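>>> Return a 3D structure for these sequence lines:
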Amino acid sequence: MKKRKVTITVDEEIVRWIEKEIARKRFASISHAVEYAITRLMEREKTEE
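Modelled structure (predicted):
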């Protein structure tokens, strides 16, 4: 899938949590964490329909 660069603004607490998860090797980057979360949300909403 082709990727497109976007800019987002999120709460500092969320960024700190993501950075901790990156340090724990759960995510490779902030982009990876955001993409993972949105993909999970999309999948959940599909099953709710």
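
>>> measure the residue lying closest to I18 once chain neighbours are set aside to D11 for me?
Sequence neighbours aside, A33 is the residue nearest to I18 in space, at 4.6 Å (criterion: CB to CB, 6 or more residues apart in numbering). Glycine gets a C-beta too; all of them are placed from N, C-alpha and C. Here A33 is placed at a distance of 14 Å from D11 (CB to CB, to the nearest Å).

>>> go on, S31?
With CB to CB as the criterion, S31 and D11 are 17 Å apart.

>>> Just want to know which of the two has more residues nearby.
Just comparing S31 and D11: by other CB atoms under 10 Å the higher neighbour count belongs to S31, 14 against 8.

>>> what helix or strand does the more buried one sit in?
Take DSSP states H and E as the rule and S31 turns out to sit in helix 30-48.

>>> can you list contacts of that helix?
Identification of contacts with helix 30-48 by CB atoms under 8 Å, 6 or more residues apart in numbering yields 8, 15, 18-19, 21-22, 26-27.

>>> And that helix, what's buried?
30, 33-34 (16 or more other CB atoms under 10 Å).

>>> And stretch 19-31, by the same measure?
Applying 16+ other CB under 10 Å to stretch 19-31 flags 27, 30 as buried.

>>> How far does it stretch from one end to the other?
11 Å (CA to CA, to the nearest Å).

>>> Also stretch 18-29?
8 Å.

>>> for the record, mean pLDDT for it?
Stretch 18-29 comes out with an average pLDDT of 98.

>>> host element of E19?
In this structure, E19 is located in helix 12-23 according to DSSP H and E.

>>> List of residues touching that helix?
Counting by CB under 8 Å, 6+ apart, 27-30, 33-34 sit against helix 12-23.

>>> again, only using 6 Å
27, 30, 33 (CB atoms under 6 Å, 6 or more residues apart in numbering).
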